[in-house]
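In: Predicted model follows, preceded by the sequence.
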Amino acid sequence: MKEFTPTQTVKTEAGRFSQANRLAIIAGIVSLAAVVWFYGFVPRYDSDRGMSVFAWLKGNWNPTGDYEHGMLFPFVILGLIIYRFKDLREAAANDKGSFVGLFAVFAGAAFYAIAYRTFQPRVAAGGLPFLLWGACHFLWGWKVAKILIFPLFFFWLAIPLPSFQQATTHLQLLATTLAHHGSSLFGVETRVEGTTILPVKGDWKPLEIASGCSGIRSLMALLMISAAWAYVAKIRLWQKVLLFLSALPLAIIGNSLRVISIFVIAENGDAKWAATTWHDWSGLLLFYPFSLFLLLVLHSLFEGGLPWKKNKKRRLRRELVVKQGVSKKEEPVFVAGS
């Protein structure tokens, strides 16, 4: 009778693991190919029913719909997955697939079937994270799926909402009010007619707070940034939620300062340059630096210090604990009478 040595047993188990891993990878590639086909090549949506889901999304990620930041989402999601790649490898090695993931796959397939029958690409797009997440759960288990919950469902923020432009009206009025009162703090007197702000003493032309200046574009982009920031931050869950929700007041304040700066420059400098060049570049040069700085301040308050310094201290503490553990194990143990 042939006997297996421990070395042969280890090799057998390693072979089984590698074979199962290869099958999971093949199944994952086949599943991904099916998703790409149905979402990227099957025409069903838009007014002429000639667009796939991905084509419809790309067509709606534009400045007109205030979702031009949508093109960044695939890269952000990929970056979040790469950020946790080491954890994903460890989780995949220490867990196995579960049939529970098929429930999420069936839910995603139901979303797509409903969308296909009702010509609603938003519904199909909303089901995509269920398909991908459920497939990962089925192939690699709960530990992998747990890590991928946020990166995959983060995609929901990239789906253009219906009647989105009408929802910006309140922000437009709020931006007008804040710009009117805020300008007076800098010595610029204005009066308001609807969403148009006119000078009281200055000779610059009236400026209208259009829907694009309401701050909705900045808000949606900042929501994307704050969500990704909160995900990678080493803070508690409730602090992550607050960091994400802080995007709303920060976007309102930052956009108000941007609009106020236009009126101040128009009053005290070149009105044409303020309404054109500075209007186009103030978001990049004023809004985002200001908003990201306040996000950093809030994160630092939660951390109790600057995040990169705290992370460095954590690494040093972890290394010290590991070294102390190793040194204790290496200490010789003397037994009485030996």
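Out: Happy to help now that I have it. Keep in mind that this is a model prediction, so the values were computed, not measured. Residues are numbered from 1 along each chain as shown.

In: can you give me the helices in the stretch 51-200 of the chain?
Out: 53-60, 73-83, 85-93, 101-118, 121-140, 142-153, 169-185 (DSSP state H, counting those that start in this stretch).

In: residues making contact with the fourth one?
Out: Meaning helix 101-118. With Cβ atoms under 8 Å, 6 or more residues apart in numbering as the contact definition, helix 101-118 has outside contacts at 38, 44, 53, 120-124, 126-139, 145. (Each C-beta comes from the backbone N, C-alpha and C, glycine too.)

In: Specify the angle between that helix and helix 142-153 in degrees.
Out: Relative orientation of helix 101-118 versus helix 142-153 (axes from the mean of the first three to the mean of the last three Cα atoms, to 10 degrees): 30 degrees.

In: ok, now the longest one?
Out: Relative orientation of helix 121-140 and helix 142-153, computed by the same axes, to 10 degrees: 160 degrees.

In: pull the CA atoms of helix 121-140 into CSV?
Out: Output of helix 121-140 as CSV, limited to C-alpha atoms (Å, rounded to 0.1, in the frame of the first residue of the first chain):
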residue,chain,number,x,y,z
PRO,A,121,-31.0,52.2,-18.3
ARG,A,122,-30.7,53.6,-14.8
VAL,A,123,-32.3,50.4,-13.4
ALA,A,124,-29.8,48.3,-15.4
ALA,A,125,-26.9,50.4,-14.2
GLY,A,126,-28.2,50.1,-10.6
GLY,A,127,-28.1,46.3,-10.9
LEU,A,128,-24.5,46.2,-12.1
PRO,A,129,-22.9,46.3,-8.6
PHE,A,130,-25.2,43.4,-7.5
LEU,A,131,-23.9,41.3,-10.4
LEU,A,132,-20.3,42.0,-9.8
TRP,A,133,-20.4,41.7,-6.0
GLY,A,134,-22.5,38.6,-6.1
ALA,A,135,-20.1,36.9,-8.5
CYS,A,136,-17.2,37.8,-6.2
HIS,A,137,-19.0,36.4,-3.2
PHE,A,138,-19.8,33.2,-5.1
LEU,A,139,-16.3,32.7,-6.4
TRP,A,140,-14.1,33.8,-3.5
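
In: circling back to that earlier point, out of the helices of the stretch 51-200 of the chain, the one nearest Leu198 is which?
Out: Smallest distance to Leu198 across the helices of the stretch 51-200 of the chain (Cβ to Cβ): 9.9 Å, for helix 169-185.

In: Can you spell out which helices and strands pack onto the closest one?
Out: strand 190-193, strand 196-199, helix 247-268 (3 or more Cβ pairs under 8 Å, 6 or more residues apart in numbering; DSSP states H and E).

In: Out of the ones you listed, which gets nearest to Tyr231?
Out: Taking Cβ to Cβ, helix 247-268 is the member of the helices and strands packed on helix 169-185 nearest to Tyr231, at 13.3 Å.
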